[in-house]
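[1] okay, sequence plus prediction incoming.
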Amino acid sequence: MRASSQAALNAASERWEVSLREAGERGRELGTQLFEVADTLASSGSLRRAVSDPSRSGDAKARLVAQLFDGKVAPEVVDLLAGMVRSRWSADEDLGLAAEELGVTSVLAAAQSRGALLEVEEELFRTERLLASSRELRAALAERDIDPQRRAGLLDSLIAERASDETRMLVRRLITTPRAGSLSSALRHIGELAASRRDRLVANVTAASPLTQAQEARLAEILERAYGRAVQVNVGIDPQVLGGMRIQVGAEVIDGTTLTRLQDARRRFAG
């Protein structure tokens, strides 16, 4: 999102946190309602333009939102939307994307309210690693000729026994909703949102073999000193990297794998 939309989302998030603290586990229900709002906005260009048009007064747009959603979603969701449409959005589709993200936040807050946020974060990471390890699974989930609910059911059957309700709900939402970017990147983004709620950064580490607990703790300590805040280290195994580690924190990548060094050497030799 560009600056105006990001500022509007940040303001809405801050206001919404008050409602989420009061909602507790009911955050899952509020998240579902915000997903429905996002779907409604995604399906109607005229509605998106009407509620994000800067030439219309904020009160007029808030009244329109109330007419559309009052009685269909919880009163606090209507109030949230009324505040959001009063803000300035860089593009009309950003309002729906913001509703989607606030829906995800609501589900994570529900998990946090019952002390299960770290569990959800770890389950999302394991799901992402499951996708990384299976090209066939990634291809099946990306096949648009297969009904989205069937695709969601496929992955749900693989994680159902060991995943929380919040994780299954979020993964199903990712699979059944058209989006830019890969499913893996979307899972990582939600994992980062979860870590942020625990006031932590996420370091996704790819190594050739498992790290010991002492090595993970040492790596976390180094990264915490570098970034000035607590870091959640998630380690995935990929024998193809041969040796070393690839560390990604947000958009920053530290690649010290043997494979990358070999590839760099080949390029220099060829060039």
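    Perfect, I can see it now. Quantities reported herein were computed from a predicted structural model and do not represent experimental measurements.
[2] ok, residue 148 - contacts?
    175, 176, 177 (Cβ atoms under 8 Å, 6 or more residues apart in numbering). All C-beta atoms are positioned from the backbone trio N, CA, C, and that covers glycine.
[3] ok, those residues vs residue 49, which is closest?
    Of all these, residue 49 sits closest to residue 177, with 21.1 Å by Cβ to Cβ.
[4] low-confidence ranges, the protein, go.
    Low-confidence segments of the chain (pLDDT under 70): 160, 258-266, 268-271.
[5] please enumerate the strands of it.
    For the chain, the strands defined by DSSP state E occupy 201-207, 231-237, 245-249, 252-255.
[6] quick one, the third one and strand 201-207 angle?
    Using axes from the mean of the first three to the mean of the last three Cα atoms, to 10 degrees, one finds that strand 245-249 and strand 201-207 are set 160 degrees apart in direction.
[7] for strand 245-249, which outside residues touch it?
    Contacts of strand 245-249 (Cβ under 8 Å, 6+ apart): 201-207, 219, 223, 227, 231, 253-257, 260.
[8] now list the buried members of those residues.
    Buried members of those, counted by 16 or more other Cβ atoms under 10 Å: 201, 202, 203, 204, 205, 206, 207, 219, 223, 231, 255, 257.
[9] export those residues to CSV and tack on distance to residue 166?
    As requested, the buried ones among the contacts of strand 245-249 are exported to CSV (distance: Cβ to Cβ, whole Å):
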residue, distance to residue 166
201, 21
202, 17
203, 22
204, 20
205, 24
206, 26
207, 28
219, 28
223, 26
231, 23
255, 32
257, 33
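[10] most widely separated two among the residues you listed?
    Top of the distance list for the buried ones among the contacts of strand 245-249 (Cβ to Cβ): 201 and 257, 21.0 Å.
[11] that older thread, closest one of the buried ones among the contacts of strand 245-249 to residue 108?
    Closest to residue 108, out of all of the buried ones among the contacts of strand 245-249 and judged by Cβ to Cβ, is residue 202, at 13.3 Å.
[12] who touches the closest one in this structure?
    Residue 202 is in contact with 121, 188, 191, 192, 195, 231, 232, 234, 249, 250, counting by Cβ under 8 Å, 6+ apart.
[13] count of residues packed around the nearest residue to the second one once chain neighbours are set aside?
    Across the structure, with Cβ to Cβ, 6 or more residues apart in numbering as the measure, the residue nearest residue 188 apart from its sequence neighbours is residue 128 (6.1 Å). The number of residues packed near residue 128 is 23, by other Cβ atoms under 10 Å.
[14] check residue 30 too.
    The burial count assigned to residue 30 is 25, neighbours taken as other Cβ under 10 Å.
[15] could you measure from it over to residue 17?
    12 Å (Cβ to Cβ, to the nearest Å).
[16] re earlier: would you turn the contacts of residue 202 into JSON lines with distance to residue 145?
    JSON lines is the format used below for the contacts of residue 202 (distance: Cβ to Cβ, whole Å):
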{"residue": "121", "distance to residue 145": "33"}
{"residue": "188", "distance to residue 145": "26"}
{"residue": "191", "distance to residue 145": "29"}
{"residue": "192", "distance to residue 145": "31"}
{"residue": "195", "distance to residue 145": "35"}
{"residue": "231", "distance to residue 145": "41"}
{"residue": "232", "distance to residue 145": "37"}
{"residue": "234", "distance to residue 145": "33"}
{"residue": "249", "distance to residue 145": "37"}
{"residue": "250", "distance to residue 145": "35"}
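[17] most centrally placed residue in the protein?
    residue 190 (2.4 Å; Cα atoms, centre = their mean).
[18] these two touch, right, that one and residue 125?
    No: the pair residue 190 / residue 125 is not scored as a contact, 10.1 Å apart, by Cβ atoms under 8 Å.
[19] now do the spatially closest residue to residue 172 that is not a sequence neighbour against residue 171, distance only.
    Distances taken as Cβ to Cβ, 6+ apart place residue 152 nearest to residue 172, at 4.4 Å, with adjacent residues excluded. Residue 152 sits 8 Å away from residue 171, taking Cβ to Cβ as the criterion.
[20] so the residue nearest to residue 188 touches residue 182, yeah?
    No: judged on Cβ under 8 Å, residue 128 makes no contact with residue 182 at a distance of 9.9 Å.
[21] follow-up on the earlier one: and residue 152 and residue 171? which has more neighbours close in?
    Between residue 152 and residue 171, counted using other Cβ under 10 Å, the more crowded position is residue 171 (24 against 19).
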